[in-house]
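*Asks:* Predicted coordinates and the sequence they were generated for:
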Amino acid sequence: MDEATKRLYREYNDPSPRNKTLFLTLEDREKYKDFPTVDTLDGKPLPELLDRIYLGDCVEGMALLPSRTIDLIFADPPYNLGKDYGNNRMSLSEAEYREWTEEWISECVRILTENGSIYVCADWRYSCLIRSVLIGSGLIIKNRITWRREKGRGSDRNWKNNMEDIWFAVMSEDYKFNVDEVKVRKRVIAPYRENGIPKDWVETEEGERYRYTYPSNIWTDTVVPFWSMPENTPHPTQKPEMILERIIRASSDPGDIVLDPFMGSGTTAVVATKLGRHFIGFEINEEYLRLSMKRLDLIQRGLF
Ligand SMILES: C[S@@+](CC[C@H](N)C(=O)[O-])C[C@H]1O[C@@H](n2cnc3c(N)ncnc32)[C@H](O)[C@@H]1O
């Protein structure tokens, strides 16, 4: 087992009992090994392809899916910063990274429905490149969400990088956006009344005054998962479930299909399942696929 793989296994980490990270065990290695590979997608009808994560390259996988069938895509690609993902580590020139990004985004555009949406994560170095490729692929950019993720490495000679962008783009102006699903409960500071009646706010029996406001494009209320959180896994760049929950609630309906080309530890699959959506995912590292399968298995058994 190589070093990156060992970091995923409890046996090699021996965490303290208070550490809630969902490690793999050596038994899991045997238990979660029947994952489909991308070539098994070929020629199968869509309903048979749902709720699975396929081992292999996402461009090859998406190329085997029928056009105009996916309602929502969440993509958290490698940021081209040389991060070690076990069997893959990306360090391309800017031109090569652009070419690769164009390749997978053009497949996304082909498979999204006419009213579908795509969210693409990026850090500041390649955020402008992602925006440019999204526009060049014919998508309509609706917003750039900035996630203040808290965790970041400090520097003596630079500003600590504490943010990531999430680009929100759509196929047409006829896109879904369930704003009531993602409104934010806020305490009312200036409780304005009209004829003695609260205007757009509510008072509880305990005297708490609140209103539901429109969600903004700066997300400051969710941190990178860490060791004391049950959702945490040893995947090096896992996204918080709350980010996926917000996106899936806003941009899909129950029963819709959510696709993640870079599934990692399975966050998109986990949240889609919890919210009653179907998912399709791709992941090139089979150890990460095991982590996803373990997370999904625990949900199906009501343990997560
Ligand atoms: C930034 S991580 C995604 C993390 C994920 N959002 C989560 O919450 O765990 C990117 C993932 O893409 C995978 N990957 C890299 N190249 C890929 C490719 N061509 N096709 C499919 N997966 C790929 C890596 O192994 C890594 O797990």
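*Replies:* Thanks, I have it. Numbering: from 1, shown residues only.

*Asks:* CA atoms for contacts and neighbours, from now on please.
*Replies:* OK.

*Asks:* so how many other residues sit close to the closest residue to residue 285 other than its chain neighbours?
*Replies:* Of all residues not flanking residue 285 in the chain, residue 87 sits nearest, at 6.2 Å (C-alpha to C-alpha, 6 or more residues apart in numbering). Number of residues near residue 87 (other C-alpha atoms under 10 Å) recorded here: 12.

*Asks:* next one: residue 144
*Replies:* Neighbours around residue 144, by other C-alpha under 10 Å: 19.

*Asks:* And for residue 61?
*Replies:* The burial count for residue 61: 22, using other C-alpha under 10 Å.

*Asks:* Could I get the contacting residues of the closest residue to it other than its chain neighbours?
*Replies:* The shortest distance from residue 61 to any non-neighbouring residue, by C-alpha to C-alpha, 6+ apart, is to residue 38 (5.0 Å). The contact partners of residue 38, by C-alpha atoms under 8 Å, 6 or more residues apart in numbering, come to 54, 55, 56, 57, 60, 61, 282.

*Asks:* Select from those residues the one having the most neighbours.
*Replies:* residue 282 leads these on contacts (other C-alpha under 10 Å) with 27 neighbours.

*Asks:* which SS state does it fall under?
*Replies:* The local conformation at residue 282, judged by DSSP: H, G, I helix; E, B strand; the rest coil, is strand.

*Asks:* follow-up on the earlier one: how much space between the residue nearest to residue 61 and residue 54?
*Replies:* The spacing between residue 38 and residue 54, counted by C-alpha to C-alpha, to the nearest Å, is 5 Å.

*Asks:* joint contacts of those two?
*Replies:* By C-alpha under 8 Å, 6+ apart, the residues touching both residue 38 and residue 54 are 61, 282.

*Asks:* And the helices in the protein, which stretches?
*Replies:* Using DSSP state H, the helices assigned to the chain run over residues 3-6, 10-13, 26-31, 58-63, 94-111, 127-136, 241-251, 267-274, 286-300.

*Asks:* how about the nearest residue in space to residue 126 that is not next to it in sequence, what does it touch?
*Replies:* Nearest residue to residue 126 in three dimensions, chain neighbours excluded: residue 79, at 7.3 Å (C-alpha to C-alpha, 6+ apart). Shown in contact with residue 79 (C-alpha under 8 Å, 6+ apart): 90, 122, 123, 126.

*Asks:* and if you look at residue 144?
*Replies:* Residue 144 is in contact with 165, 166, 167, 168, 217, counting by C-alpha under 8 Å, 6+ apart.

*Asks:* from those residues, which single one is nearest the ligand?
*Replies:* The ligand has its nearest neighbour among the contacts of residue 144 in residue 166, at 11.7 Å by C-alpha to the nearest ligand atom.

*Asks:* thinking that closest one is in contact with residue 119, fair?
*Replies:* Yes. Judged on C-alpha atoms under 8 Å, residue 166 makes contact with residue 119 at a distance of 6.1 Å.

*Asks:* can you redo the contacts of residue 79 as CSV with distance to residue 246?
*Replies:* Formatted as CSV, these follow (distance: C-alpha to C-alpha, whole Å):
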residue, distance to residue 246
90, 29
122, 18
123, 20
126, 24
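
*Asks:* Out of those, which end up buried?
*Replies:* 122, 123, 126 (16 or more other C-alpha atoms under 10 Å).

*Asks:* Please convert the residues you listed to JSON lines, extending it with pLDDT.
*Replies:* Formatted as JSON lines, the buried ones among the contacts of residue 79 follow (pLDDT from 0 to 100):
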{"residue": "122", "pLDDT": "98"}
{"residue": "123", "pLDDT": "95"}
{"residue": "126", "pLDDT": "98"}
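
*Asks:* Intersect those with the contacts of the ligand.
*Replies:* On the criterion C-alpha under 6 Å from any ligand atom, none of the entries of these sits beside the ligand.

*Asks:* Among these, which one sits closest to residue 274?
*Replies:* residue 122 (25.4 Å; C-alpha to C-alpha).

*Asks:* who are the neighbours in contact with the nearest residue to the closest one once chain neighbours are set aside?
*Replies:* Spatial nearest neighbour of residue 122, chain neighbours left out: residue 165 (5.2 Å); criterion: C-alpha to C-alpha, 6+ apart. Neighbouring residues of residue 165 by C-alpha under 8 Å, 6+ apart: 121, 122, 123, 124, 127, 144, 145, 146, 147.

*Asks:* For the longest strand along the chain, give me every contacting residue.
*Replies:* When the chain is parsed with DSSP state E, its longest strand is strand 112-122. Outside strand 112-122, the residues that touch it by C-alpha under 8 Å, 6+ apart are 67-77, 79, 130, 164-176, 251.
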